[in-house]
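J.: this is a predicted model, with the sequence first.
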Amino acid sequence: MVRKVEFPKKKGKFACWLSREEVKHLIEQCTESRDEEIILTLLASGLRVHEACKASSEDIFEDDRGLMIKIWGKNSRYREAPIPATLKTADLPITRKYNGIHRPISTNTALAWVKKAGKNLGCPELSPHDLRRSYASILLESNIDPTVIMEWLGWSSWETFRRFNMNVANPDFQKHEREKLNFLHTKQKMTNDSPDIIRGTRFSGGPARNFLSSMDVDHHIFDADIAVDLAHVVMLAEENIISKDNAKGILEALFSIHEMGFESLPPAEDVHAAIETAVVAKVGDSGGRMHTARSRNDEVSTCIRYQLRSDILSLLNSVLSLRETILSIAKSHTSTLIPGFTHLQSAQPSTLSHWLVSYYGSLERDTNRLFDAYSRINLSPLGSAAFAGTPFPINRERTATLLGFEGIIENTMDAVSSRDFLLESAAALCSLSITFSNMSEDLIFYSNKSFVEIDDDYASTSSIMPQKKNPDTLELIRAAAATTLATFSGTFTTLKGLPRAYNRDLQSATPYIWNSVEKMIDSADILSKIIETSTWNVELLSSSAGEGFSTATGVADTLAMAGIPFRKAHQIIAKSESNYENISFNFNKIMGSPLSEFCTQDSIESALDPAKNVDMRNSFGGPSPAAVLNSISNAKNNLKSDLVLYTNHKEKIDQSKEKLIQEAMSYLK
C-alpha cells in the first residue's frame, strides 16, 4: 500500500514526500487506471503536467550510472536523467492508458485535477507551477545540487531558476514569492467580464466577448509572444524610446509571466492583451510602454511566423528521420523481389528497395517544399504597427535579428495583412500528407496480401472478432490527408477577397495550420517506426513477383533488342503464355520465321524469370540491385545536404533565442 500523502505547509509552500519505491508504485497504478487520487498525488509530487510525453514504471531503470529515468519529450524521443540518491520526490510525466496506449493527459484535464487539488488544500489558485516551485524549494533546502533540480524541472532556457539564486532564504526569492501571491490575488478577483488592458470598460462586456476571444488556441503562440515582447522592449530601450528602468520592470515581469505559464494569464481577448494586462498588473502603468510603436496586427503576425517556423523545423526533423529510415531498410532489400502493380493489376516485377526509394523521392520533394515555405515564413513584420508604420525611431532590423529572422517584410501594409505564408505552408503540408497517405495505402494493401506484417505496437484488433489484426495507425495516417486538405481549403477560403489591410477574419486562418502540422509530425514519426519494425514476407513476395505474366514486358524488350519492332513484339507476347514453347509458336505464326533466328531460348527464359527480369532493368533509377544501390547512394548525398540545411536553420534559431535572453537579462542586473 502507498501511504497517505500529507500536504504540510513549509514556509508558506506545500510539500509532498514520497520514496522512490512509492513513486514507482504510483506510476504503475497511474498507467493501469484512471484513479484521480493517484494523479493528484503525482501532481502534488511536482510533476510536469504540460510536457507532451508518456511514462510508466518501465521508464525507471538502473545501470552503472545508478538509478535513471527516461524523460519523454516530443516526437517519441526521450532523454535519460539520473535520480539522485537524496531525491525524496519525483518529477515524472503523467499519462492515461487509452486502448492499450499510454498518452499524455490533456491540458484541460490536468488543470481540472490541479484546481481540485488546490481546493482541497485550501489554495484555490494553486497551479502546476506552484507545485513545481514547492518541490524545488524543498530540494534546495535538502542541499540537492541546483543543476540537478534544473534538469528535473526543465528550468534552463528562460533562466527562471535564477530567482531562487541557489538559496531559498535569499531576499530576492522571497520578494518574488510575494509578487507571485499578489499577482494571484489580483487575478482571483478578475472575471470574464473584467476589462483587459485593451478593451477598457467600453468594450469589456456583452455576449460577444467569448466569441471574439482566441484564447482557446493562443497557447500555441504564448512562448512566441513572450519572445516578441522581449525583443521589442529591448529595441525600445536601445533606441531610447523608453527608459532603461521602464525596460527593466517590463522585462522582469515578462520573465515572471513566462515562468508561471499560459494558464496563469488573466482573462483577456487574446494572449497579447492577456500578457500586457499581466505586465501592467505587476509593474503599474509603465508596463503599458511595452506596446509603444507597435500594434497587435504586426505583433500577432510576428508571433505566428515565429512559432510556425519552429513547427516546420520540427516537421522537417521528423521527415528527415523518415527518409533516413527508408534508406536504411531499402539498402537491406535491394534483391527482395516484389510484384509491381498498375491499376492494382499485376504489371512488372520490381524490388522492395525500388518501391521504398520511390517514396523517398516524393519525400525529398516534400522536404524541399517545406524548406521553401520556411524561407518565406522566416521574415519579420514587427514594427509595421497597425499597417501604416510609426513615427517612433524604431529599428526593425534589430528586432528581426533578436528574433532570428532572416530579414524583414518591407512594406508595412503587406507585412500585417498577408498570410500567404500560411497558404504556402498548408499546400506543402497537403502534398506531404498525400505522400504519407499513398504509402499507408500501399502498406495496407500489402498487409492484406500478407506481404508484410505490421508490428503489434502499430496495429489494433476488433472488439468482437478476436482473430483480427488491423493496420489502424496506417488508416489514420491515410485519413490525415483530409485534415491537411481542409486546412488548405479553409485557409484559402478565409483569405480570399479580404481587403487591405488587417481584418479579423485572419484570426480564423491560424488554428487550421497548428492542427495540420501536429498531425503531420505524428504521422511522420509513426510511419517511420512502422517501416522500421514491419516484417516482410520475402518468400511470398518472391513467389508473387511473376504472377499474372508480369515478366511479359521483359520478354517483349528482349525481342525488341534482337531487332524485332517493339510494336510487333508487343503483339506476339500479348497472344502468348509465360513459357518459351508458346512464345516460340506465336512468334513463328505471326512473323513467319522461327524465334531461334533472332534470340536464344536462354535469353527468353531469362526474361521470363522474375529475378533476371529485374536484373535486366538496370537503367538509371531502375529496379535492378545495381541501379537501386546507385539511387540509394545519390539519395544519401541529398539527405546529407538537407540535414546540413536543417541543422543550420535550427542552430540559428537556437542561437538567436540564447542571444535574446542574454540581451534581456542584461537589463535586470
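T.: Here it is on my side, so go on. Residues are numbered from 1 along each chain as shown.
J.: quick one: neighbours of Leu320, just the number.
T.: For Leu320, the neighbour count with other C-beta atoms under 10 Å is 21. Using the backbone N, CA and C atoms, a C-beta is placed for each residue, glycine as well.
J.: what sits against it?
T.: Leu320 makes contact with Thr367, Leu639, Asp642, Leu643, Tyr646, according to C-beta atoms under 8 Å, 6 or more residues apart in numbering.
J.: name the nearest residue to the second one, sequence neighbours excluded.
T.: Think Leu639. Arg323 (5.6 Å; C-beta to C-beta, 6 or more residues apart in numbering).
J.: so which helix or strand takes in Pro349?
T.: strand 345-351 (DSSP states H and E).
J.: check Val234 too.
T.: Using DSSP H and E, Val234 sits in helix 222-238.
J.: what's the angle between the helix or strand that comes right after that helix and helix 222-238?
T.: Next along the chain after helix 222-238, taking DSSP H and E as the criterion, comes helix 244-260. Going by axes from the mean of the first three to the mean of the last three C-alpha atoms, to 10 degrees, helix 244-260 is angled at 170 degrees with respect to helix 222-238.
J.: buried sites along whichever strand or helix holds Thr473?
T.: In this assignment (DSSP H and E), Thr473 forms part of helix 472-495. By neighbour count on 16 or more other C-beta atoms under 10 Å, the buried set for helix 472-495 is 473-474, 477-478, 480-481, 483-485, 487-488, 490-491, 494-495.
J.: just curious, which of those is nearest to Tyr360?
T.: Distance to Tyr360 across those (C-beta to C-beta) is lowest for Ile477, with 17.0 Å.
J.: mind checking how far that closest one is from Phe436?
T.: 5 Å (C-beta to C-beta, to the nearest Å).
J.: mutual contacts of these two, please.
T.: With C-beta under 8 Å, 6+ apart as the test, Ile477 and Phe436 both reach Ser523, Leu527.
J.: was I right to think Glu276 contacts Arg289?
T.: No - judged on C-beta atoms under 8 Å, Glu276 makes no contact with Arg289 at a distance of 10.4 Å.
J.: which of these two has more neighbours?
T.: Neighbours per residue (other C-beta under 10 Å) separate Glu276 from Arg289, with Glu276 holding more: 25 against 21.
J.: who touches the nearest residue to Gly389 once chain neighbours are set aside in this structure?
T.: Leaving aside its sequence neighbours, Gly389 sits nearest to Thr412 (C-beta to C-beta, 6+ apart; 4.7 Å). Neighbour list for Thr412: Asp298, Pro381, Gly383, Ser384, Ala385, Phe387, Ala388, Gly389 [criterion: C-beta under 8 Å, 6+ apart].
J.: please redo it, this time with the cut-off set to 7 Å
T.: If you count contacts by C-beta atoms under 7 Å, 6 or more residues apart in numbering, Thr412 has them with Ser384, Ala385, Phe387, Ala388, Gly389.
J.: and the pLDDT for it?
T.: Thr412 is assigned 93 on the pLDDT scale.
J.: elements contacting the longest helix along the chain?
T.: Counting residues, the longest helix found in the chain (DSSP state H) is helix 625-665. Under the contact definition 3 or more C-beta pairs under 7 Å, 6 or more residues apart in numbering; DSSP states H and E, helix 625-665 sits against helix 222-238, helix 296-331, helix 352-377, helix 396-402.
J.: circling back to that earlier point, send the alpha carbons of the helix holding Thr473 over as PDB?
T.: Taking Å, rounded to 0.1, in the frame of the first residue of the first chain, the C-alpha atoms of helix 472-495 are listed here in PDB:
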ATOM      1  CA  ASP A 472      -5.400   1.100 -37.700                       C
ATOM      2  CA  THR A 473      -2.400   3.500 -37.400                       C
ATOM      3  CA  LEU A 474      -1.900   3.400 -41.200                       C
ATOM      4  CA  GLU A 475      -5.600   4.100 -41.800                       C
ATOM      5  CA  LEU A 476      -5.400   7.200 -39.500                       C
ATOM      6  CA  ILE A 477      -2.300   8.400 -41.300                       C
ATOM      7  CA  ARG A 478      -4.200   7.900 -44.600                       C
ATOM      8  CA  ALA A 479      -7.100   9.900 -43.200                       C
ATOM      9  CA  ALA A 480      -4.800  12.700 -42.000                       C
ATOM     10  CA  ALA A 481      -4.700  14.000 -45.600                       C
ATOM     11  CA  ALA A 482      -8.300  15.100 -45.100                       C
ATOM     12  CA  THR A 483      -7.200  17.400 -42.300                       C
ATOM     13  CA  THR A 484      -4.400  19.000 -44.400                       C
ATOM     14  CA  LEU A 485      -6.700  19.400 -47.400                       C
ATOM     15  CA  ALA A 486      -9.300  21.000 -45.100                       C
ATOM     16  CA  THR A 487      -6.500  23.300 -43.800                       C
ATOM     17  CA  PHE A 488      -5.600  24.400 -47.300                       C
ATOM     18  CA  SER A 489      -9.200  24.800 -48.300                       C
ATOM     19  CA  GLY A 490     -10.100  26.700 -45.100                       C
ATOM     20  CA  THR A 491      -7.100  29.000 -45.300                       C
ATOM     21  CA  PHE A 492      -7.700  29.700 -49.000                       C
ATOM     22  CA  THR A 493     -11.400  30.500 -48.400                       C
ATOM     23  CA  THR A 494     -10.600  32.700 -45.400                       C
ATOM     24  CA  LEU A 495      -8.000  34.700 -47.200                       C
END
